[in-house]
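In: generate a structure from the sequence data that follows.
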Amino acid sequence: MRSVIPSYKVKYMVGAPKRFLLDANFLVIPSKFKVDVFEQLEEFGPGQLYTLNLVIEELEKLTKGRGRSAAHARMALQLVKRKGVKILHAKGRGADAAIKRLAGKGYYIVCTQDRALIKALKKKKVHVISMRQKKYLVKL
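Out: As a prediction, the model looks like this:
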């Protein structure tokens, strides 16, 4: 006999491993602020790390430039490969719009530093993780 999972458990991930959806500005935190966000994400519980192909493209564009932002973007791309972050393919123009669309379904906890994105996600009642005081992560 198959058991049916109640819809609230699927939407709010009760008893399931968490799915963290990482934005570009969140991926540059380890390089920029010397904070191990991957270790701190484990404190929120076991989970899988995801990002979008649009985020990867955004980081690759940044690597073509010079200066600190290019170095941070290169380090972020290396961390994506090293930590085994799964890349989801999304269609559209902007990474933020794709993140809003995916997270609106309720399956992901979004990790970002983007104030406008955080505000839009909180209106949709999506869980968001952000950095505070340049040293630790907080669930908003």
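In: which of the three states applies to residue 137?
Out: When classified by DSSP: H, G, I helix; E, B strand; the rest coil, residue 137 comes out as strand.
In: which ones are touching it?
Out: Residue 137 makes contact with 37, 40, 41, 43, 44, 111, 129, 130, 131, according to Cβ atoms under 8 Å, 6 or more residues apart in numbering. C-beta coordinates here come from the backbone N, C-alpha and C atoms, glycine included.
In: which pair of these spans the longest distance?
Out: Using Cβ to Cβ, those reach their maximum pairwise distance at 43 and 130, which is 14.4 Å.
In: rewinding a little: residue 102: which of the contacts of residue 137 is nearest?
Out: residue 111 (12.8 Å).
In: against residue 128, how distant is that closest one?
Out: Relative to residue 128, residue 111 is positioned 8 Å away (criterion: Cβ to Cβ, to the nearest Å).
In: who's more crowded, these two?
Out: Each of residue 111 and residue 128 had its neighbours counted (other Cβ atoms under 10 Å), and the higher figure belongs to residue 111 (27 against 21).
In: bridging across strands, which residues link to the more buried one?
Out: residue 22, residue 129 (DSSP bridges).
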